[in-house]
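>>> coordinates only, no sequence provided:
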């Protein structure tokens, strides 16, 4: 359990949730820079707030499915140190907030290293992953 440092909502974390290392708020999607080398290590000294700046698909390692799309992920940028990280979207994350953040991210041009931010062309796949069915364009 924690209180979001950005929106101040109370965030309950239970064993039944699909996310083991919850560190972002399901209401505003902001996170805190708590992990250093790997998810869940909680060894970061920075402790800055991490702004949700976009969405990406996790890279897949299946060489036989070259067109396979990976899991939908949030892209966060630390407002204190600038580190960019990706985080799993949780089942209880507010889909309206995810869609609002996706729309806002379309106007942002910033270097993300090897992370490919989703664009308008990715919207049908994004909607399919969020709502579990094919959406016709």
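That came through fine. The model shown is predicted, which means the values in this text are computed figures rather than measured ones.
>>> please count neighbours and contacts with C-alpha atoms only from this point.
Noted.
>>> residue contacts, residue 4?
By Cα atoms under 8 Å, 6 or more residues apart in numbering, the residues touching residue 4 are 10-11, 24-25, 30-31.
>>> ok, now with 10 Å
10-11, 23-32, 49 (Cα atoms under 10 Å, 6 or more residues apart in numbering).
>>> where does it fall, phi/psi-wise?
Taking degrees, to the nearest 10, you get phi -60, psi 130 for the backbone angles of residue 4.
>>> same question, residue 128
phi -60, psi -40.
>>> how many residues are close by it?
13 (other Cα atoms under 10 Å).
>>> residue 38 now?
By other Cα under 10 Å, neighbour count at residue 38 equals 9.
>>> how about residue 23?
Neighbours around residue 23, by other Cα under 10 Å: 25.
>>> got the confidence number for it?
Note for residue 23: predicted pLDDT of 77.
>>> residues contacting it?
1-2, 4, 11, 13, 29-35, 39-40, 42, 50, 87-88.
>>> same thing with residue 79?
32-33, 47-51.
>>> in CSV, list those residues along with secondary structure and pLDDT.
As requested, the contacts of residue 79 are exported to CSV (DSSP: H, G, I helix; E, B strand; the rest coil; pLDDT from 0 to 100):
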residue, secondary structure, pLDDT
32, strand, 90
33, coil, 90
47, coil, 89
48, coil, 91
49, strand, 95
50, strand, 95
51, strand, 95
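>>> among the contacts of residue 4, which are in strands?
10-11, 31-32, 49 (DSSP state E).
>>> now do the SS call for the nearest residue to residue 105 once chain neighbours are set aside.
Among residues not flanking residue 105 along the chain, residue 54 sits closest, at 5.3 Å (Cα to Cα, 6 or more residues apart in numbering). Here residue 54 is strand, with the state taken from DSSP: H, G, I helix; E, B strand; the rest coil.
>>> spit out the contact partners of residue 54.
Counted by Cα under 10 Å, 6+ apart, residue 54 has contacts 73-77, 86, 98-99, 101-106, 108, 116-119.
>>> write the ChimeraX selection for whichever of the residues you listed are buried.
Command for ChimeraX that selects the buried part of those, burial taken from 16 or more other Cα atoms under 10 Å:
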select :73,74,75,76,77,86,98,99,101,102,105,117,118,119
